[in-house]
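Peer 1: model the following, please.
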Amino acid sequence: MPKIVDHAQRRTELGSAVRRVVARSGVGGATVRAVAAESGWSMGALRYYFSTQTELLDFAVTQMFADVPMRIAEVLDTHEPGIERAQAVLEEMLPLDADRLAEVRVYLAFMARVRTADGRPGLAEQTWHGERHLCGIAVADVMGLDHPVEVGVVPAPLLAAVDELQVLVDGLSFLGATVPAQLTPEKSRALLRARLDVLRSRAR
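Peer 2: Prediction:
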């Protein structure tokens, strides 16, 4: 019998391979040949799914935007509201291990690319609102306030704290991905926790 190919699984494996290559070698290094070598596939097998570097990068980003919300949803479902859940939610957006480091580097590379080439209109703003919504959930958890309901709308009582927290998360994400020797995962976690502690103290 002919071998049954799980195309969804294959594409997932390829998306992970693209992220690893970009994390290690940058966007320029994420060629079809390099990804084929990383995944252990032949060039012909890879081109069955993706014919260009652009298609590879687009898919890697699409997969990332599916994976991260799933992980965050699991955190929200399995943790009780409070500072620990807030920390866990926000950590999913930070480059604290090899997989998340690769995700952030792919995202940064993709966002730089869409400024100079045909990309996805509105992607940066969509991502910004999504991150802002998660910061709103974290702030509400820490301060014991009602959660934001609608993405893109931050309730007035959360606004100032969300502004501060989002800037911190973006800074930790960018610096952790670009100078990881200077901003280690341990330091990122400590800085994030310190900010959440400040927010909690304000609510008392």
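Peer 1: poorly predicted segments of this protein, please.
Peer 2: Low-confidence segments of the chain, defined by pLDDT under 70: 1-7, 113-121.
Peer 1: pick out the residue nearest the middle of it.
Peer 2: residue 93 (4.6 Å; C-alpha atoms, centre = their mean).
Peer 1: wait, doesn't that residue sit right on residue 173?
Peer 2: Yes. In this structure residue 93 lies within contact range of residue 173 using C-beta atoms under 8 Å: 6.1 Å. In short, each C-beta sits where N, CA and C put it, glycine included.
Peer 1: hey, what's in contact with both of the two?
Peer 2: Common contact partners of residue 93 and residue 173 (C-beta atoms under 8 Å, 6 or more residues apart in numbering): residue 104.
Peer 1: what helix or strand does residue 202 sit in?
Peer 2: helix 185-203 (DSSP states H and E).
Peer 1: got the contact list for that helix?
Peer 2: With C-beta under 8 Å, 6+ apart as the test, helix 185-203 has contacts from 83, 86-87, 90-91, 94-97, 138-139, 142-145, 161, 164-165, 168-169, 172, 176.
Peer 1: what's the burial count for residue 157?
Peer 2: Residue 157: 13 surrounding residues under other C-beta atoms under 10 Å.
Peer 1: pull up the gap between it and residue 126, please.
Peer 2: 25 Å (C-beta to C-beta, to the nearest Å).
Peer 1: quick check: angle from the strand or helix carrying residue 131 to helix 185-203?
Peer 2: Residue 131 belongs to helix 123-143 when assigned by DSSP H and E. Helix 123-143 runs at 60 degrees relative to helix 185-203, counting by axes from the mean of the first three to the mean of the last three C-alpha atoms, to 10 degrees.
Peer 1: how far does the top helix by length along the chain sit from its chain's centre?
Peer 2: Longest among the helix segments of the chain by residue count, using DSSP state H, is helix 53-78. A distance of 7 Å separates the centroid of the chain from that of helix 53-78, by C-alpha atoms, centre = their mean, to the nearest Å.
Peer 1: repeat for stretch 14-21
Peer 2: How far stretch 14-21 lies from its chain's middle: 14 Å, per C-alpha atoms, centre = their mean.
Peer 1: CA atoms only: put that stretch into PDB for me.
Peer 2: Extracted in PDB, the C-alpha atoms of stretch 14-21 (Å, rounded to 0.1, in the frame of the first residue of the first chain):
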ATOM      1  CA  LEU A  14       8.500  22.700   8.100                       C
ATOM      2  CA  GLY A  15       7.200  25.800   9.900                       C
ATOM      3  CA  SER A  16       9.300  24.800  12.900                       C
ATOM      4  CA  ALA A  17      12.300  24.200  10.700                       C
ATOM      5  CA  VAL A  18      11.900  27.700   9.200                       C
ATOM      6  CA  ARG A  19      11.800  29.300  12.600                       C
ATOM      7  CA  ARG A  20      15.000  27.500  13.700                       C
ATOM      8  CA  VAL A  21      16.800  28.600  10.500                       C
END
